[in-house]
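[1] 3D model of this:
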Amino acid sequence: MKLYGDHESGNCYKIRLLLGHLDRSYEWVDVDILARETRTPQFLDKNPNGRVPVVELDDGNHLAESNAILWYLARGTDFLPAQPFDQAKTLEWLFFEQYSHEPYIATSRFWIHYLDAREQYADKLAEKREPGYHALRVMERHLAGRPFFVGPRMTIADVALYAYTHVAGEGDFDLGGFPAVRSWLDRVAAVPGHVPMRRRSRSAAGGAKPAR
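    Next comes the predicted model:
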């Protein structure tokens, strides 16, 4: 299996994190977004939407969209609950991550951490603050008294939400007022098989790399 992506993209990190827990081998293929490698005919054959991550499966099929990839890889494992209702709750949190969390926390991180354009995007960043903190408050209420998002053990709901929450500070979101979220982050990081997000120095990377 091949995984096409950017190391500091939270969406790409989700896949690396799950594969680490599953002890699955794969080949990493670095994609240079600045060089528009996601817009080449070769890449668009893999994902017509021109975005990472993309996995190339052993049978040659390609699958895009990070949470769809998580769902596919987690089938038949403990990271996807067996009961239909719990599966639906897992989907609920995957949808929450994409629609209520990622557009605010991840996008803010992109502008600040990747583009180093805090002043340029100051007005837009201000618009992202309250919706981003609202998402964190939803998570805080849900995690109060719960170890993980769905059931007693870690699932792909936790994988999806961990990716951008654990680097929320890089988007100027302060987790100081979210003790349940911080405790959950520690629990996720302590689960055997955890792999950290790879970090790239800006000088080594030739400047900020625009990928989320």
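
[2] where do the helices sit along the chain?
    Here the chain has its helices, by DSSP state H, at 10-22, 41-46, 66-74, 84-96, 107-109, 122-143, 156-165, 179-190, 202-205.

[3] how about the residue nearest to N47 when sequence neighbours are not counted, what does it touch?
    Spatial nearest neighbour of N47, excluding adjacent residues (Cβ to Cβ, 6 or more residues apart in numbering): A64 at 4.1 Å. From N, CA and C alone the C-beta is placed, and that goes for glycine too. Contacts for A64 were tallied using Cβ atoms under 8 Å, 6 or more residues apart in numbering; they are K46, N47, N49, R51, P53, V54.

[4] coming back round to it: compare the helices of the chain and report which one is nearest to V31.
    helix 41-46 (7.2 Å; Cβ to Cβ).

[5] Show me what that closest one is packed up against.
    strand 54-56 (3 or more Cβ pairs under 8 Å, 6 or more residues apart in numbering; DSSP states H and E).

[6] Okay, domains of this structure per the record?
    Using automatic domain parsing, the domain parsing of the chain gives 2-77+200-205, 84-190.

[7] Which of these has the lowest mean pLDDT?
    Among those, domain 2-77+200-205 has the lowest mean pLDDT, at a mean of 91.

[8] re earlier: name the residues linked to the residue nearest to N47 by a beta bridge.
    Beta bridges link A64 to V54, judged by DSSP bridges.

[9] before we move on, the earlier item: of the helices of the chain, which approaches D58 most closely?
    The closest of those to D58 is helix 66-74. By Cβ to Cβ, the value is 12.2 Å.
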